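Enquirer: based on what follows, work out the 3D shape:
(one chain, ligands or ions: 1)
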Amino acid sequence: MREYATQMEAARKGIITEELKKVAEKELMTVEELLPLVASGKVVICANKNHKCIDPQGVGSMLKTKINVNLGVSRDCKDYDMEMKKVIEAVKLGAHAIMDLSSHGDTIPFRRKLISECPAMIGTVPVYDSVIHYQRDLDTLTAKDFIDVIRLHAEDGVDFVTLHCGIIRKTIEQIKTYKRKMNIVSRGGSLVFAWMCMTGEENPFYEYFDEILDICREYDVTISLGDACRPGCLADASDVCQIEELVRLGELTKRAWEKDVQVMVEGPGHMPIDQIEANMKIQQTICNGAPFYVLGPLVTDIAPGYDHITAAIGGAIAASAGAAFLCYVTPAEHLALPNLEDVKQGIIAMKIAAHAADIAKGVRGAREIDDRMADARRRFDWETQWKCAIDPETAKRIRTERKPEYEDTCSMCGKFCAVRSMNKALAGEHIDIL
Ligand code: SF4
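Expert: Residues are numbered from 1 along each chain as shown. Model (predicted):
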């Protein structure tokens, strides 16, 4: 019998859990350094007590930046085997979390298979699943129906749930008054908004927050406070709707912490580069340092087909300014359900962003690999270069396909290779070019 309900409660009682020990080791920290961060909510360890095969990860702005991969079937693409292939590839490429956003068919077997086989943190959005689970129109669902689905996910072993608790009835008028270009682009947020409009009732995730906290406490499910009003285009960034919701998310964070429930806060969205840092600072202040989980942000609206790049640019800036967790974006964003290659491209782009931010933040152990890569490049040690590369397969393929005549160059400059010339010049050797 555990003497604690959640990782936060354990840390507050001074209990060093196995999960905390593993996270400290991965982050090159001592347990004494990590414990107060978990106790205060600045770091979360998303580890549902029923997710038996989890390889625990810590999420917090002072730790290595973590990456989430969204997967799951939709009505138009319903191949669960393909989704499982994407999960395996995502974990192989270094994804720390998988969110199952399935919105078609019987979602239970896939979710349970994922939790029984996948060591990454598993997240879900119970409001989507509510419609699928009951096979009923949104407006016929009751607050109790939504809460029962949260309990089902918690029992199944989901490590974190996105709940759109931050919009309330007042938000309906606000959205109408402020005339956003893109209104609400959060899928879960739009469902909660539509449910409030159709039923005339208060947001059940807000109204019954205490009951939800009891469920999350029992299974140690981290709440990811969804930002229904995250900007869906540059024009809507940092507007009243976004900031007003963030203030409410800050209040809910405190209420969750009173019950030892771990919390992350979700953030933008689409945002011009010059607003990102300020947004990260505001969130950190309003939410008392709770880890910030951002989708991108995408720094321009005009690159469909390349939004893994627009998101990675924003992600790198966001994480270097305090975001802890980056949701990947694929080239298929705004266009289609991502295929396996899109998933790969999205993960690699976000891994680059996360790593670049970790270097800038001075996260322990982040920088050394870059120095190893530079040394290997100078020595033309290709094997070490592959070991240091974020995507060794692609790097190796490009070199092999376009092999140079001489091993101590690449086919870009051949014997005009600056590295080769400098190595030879500094060693006092003759430099043959022709
Ligand atoms: S050939 Fe040019 S691009 Fe290639 S390693 Fe040498 S300097 Fe770099």
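Enquirer: mind checking the pLDDT average for stretch 84-93?
Expert: Average pLDDT, stretch 84-93: 93.
Enquirer: dump the C-alpha coordinates for that stretch into PDB.
Expert: C-alpha atoms of stretch 84-93 as PDB (Å, rounded to 0.1, in the frame of the first residue of the first chain):
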ATOM      1  CA  MET A  84       0.600   1.600 -33.300                       C
ATOM      2  CA  LYS A  85       3.400   1.700 -35.900                       C
ATOM      3  CA  LYS A  86       3.600   5.500 -35.400                       C
ATOM      4  CA  VAL A  87       3.700   5.000 -31.700                       C
ATOM      5  CA  ILE A  88       6.700   2.600 -32.000                       C
ATOM      6  CA  GLU A  89       8.500   5.000 -34.400                       C
ATOM      7  CA  ALA A  90       7.800   8.000 -32.100                       C
ATOM      8  CA  VAL A  91       9.200   6.300 -29.100                       C
ATOM      9  CA  LYS A  92      12.200   5.100 -31.100                       C
ATOM     10  CA  LEU A  93      12.800   8.700 -32.200                       C
END
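Enquirer: tell me, how many residues neighbour R2?
Expert: 11 (other CB atoms under 10 Å). In short, each C-beta sits where N, CA and C put it, glycine included.
Enquirer: give the contact list for I359.
Expert: A366, R367, D370 (CB atoms under 8 Å, 6 or more residues apart in numbering).
Enquirer: now do 10 Å
Expert: The contact partners of I359, by CB atoms under 10 Å, 6 or more residues apart in numbering, come to A316, S320, A366, R367, I369, D370.
Enquirer: what two of those are the furthest from one another?
Expert: Among these, the pair separated by the greatest distance (CB to CB) is S320 and I369, at 17.3 Å.
Enquirer: what about those two, which has more around it?
Expert: S320 (21 against 15).
Enquirer: before we move on, what SS does M99 have?
Expert: When classified by DSSP: H, G, I helix; E, B strand; the rest coil, M99 comes out as strand.
Enquirer: excluding sequence neighbours, find me the nearest residue to it.
Expert: Nearest in space to M99, with sequence neighbours left out and distances taken as CB to CB, 6 or more residues apart in numbering, is G123 at 4.1 Å.
Enquirer: that neighbour touches G157, doesn't it?
Expert: No - using CB atoms under 10 Å, G123 makes no contact with G157, being 11.6 Å away.
Enquirer: list residues touching both of the two?
Expert: Joint contacts of G123 and G157 (CB under 10 Å, 6+ apart) are V221.
Enquirer: in terms of neighbours, single out the busier of those two.
Expert: Higher neighbour count among G123 and G157: G123, with 26 against 22, using other CB under 10 Å.
Enquirer: can you verify the more buried one is assigned to a strand?
Expert: Yes - under three-state DSSP, G123 sits within a strand.
Enquirer: give me the number of residues near the spatially closest residue to I45 that is not a sequence neighbour?
Expert: Nearest non-adjacent residue to I45, counting by CB to CB, 6+ apart: Q7, 4.4 Å away. Neighbourhood size, Q7 [other CB under 10 Å]: 27.
Enquirer: so how far is the ligand from Q7?
Expert: Per CB to the nearest ligand atom, to the nearest Å, Q7 is found 47 Å from the ligand.
Enquirer: now the stretch 101-250 of the chain against the ligand: closest residue?
Expert: Of all residues in the stretch 101-250 of the chain, A120 sits closest to the ligand, at 35.7 Å by CB to the nearest ligand atom.
Enquirer: ok, now which ones touch that residue?
Expert: Applying CB under 10 Å, 6+ apart, the residues contacting A120 are 46, 51, 53-55, 57, 66-69, 87, 90-91, 94-99, 114, 159.
Enquirer: same thing but 8 Å
Expert: I54, D55, Q57, A90, V91, A95, H96, A97, I98.
Enquirer: what segments of the stretch 51-200 of the chain are helices?
Expert: 80-92, 108-117, 126-134, 143-156, 169-178, 187-199 (DSSP state H, counting those that start in this stretch).
Enquirer: buried ones in the fifth one?
Expert: Neighbour counts over helix 169-178 (16 or more other CB atoms under 10 Å) mark T171, Q174, I175 as buried.
Enquirer: show me which residues of the protein sit near the ligand.
Expert: T409, C410, M412, C413, C417, A418, V419 (CB under 6 Å from any ligand atom).
Enquirer: nearest to P231 among those residues?
Expert: Closest to P231, out of all of these and judged by CB to CB, is M412, at 40.5 Å.
Enquirer: state the pLDDT value of the closest one.
Expert: Looking at M412, the pLDDT reads 89.
Enquirer: using the three-state scheme, assign the residue in the stretch 251-400 of the chain positioned nearest to the ligand.
Expert: Using CB to the nearest ligand atom, the closest approach of the stretch 251-400 of the chain to the ligand is made by R377 at 6.9 Å. Look at R377: counting by three-state DSSP, its state is helix.
Enquirer: does it touch A418 like I think?
Expert: No - applying CB atoms under 8 Å, one finds R377 not in contact with A418, separated by 10.9 Å.
Enquirer: neighbour-wise, which of the two wins?
Expert: Higher neighbour count among R377 and A418: R377, with 15 against 9, using other CB under 10 Å.
Enquirer: distance check, that one against H355.
Expert: Computed as CB to CB, to the nearest Å, the R377 to H355 distance reads 17 Å.
Enquirer: same deal with T140?
Expert: 47 Å.
Enquirer: who has more neighbours, those two?
Expert: H355 (21 against 11).
Enquirer: in terms of helices and strands, where is the more buried one?
Expert: Applying DSSP states H and E as the criterion places H355 in helix 340-361.
Enquirer: so what angle separates the directions of that helix and helix 80-92?
Expert: 30 degrees (axes from the mean of the first three to the mean of the last three CA atoms, to 10 degrees).
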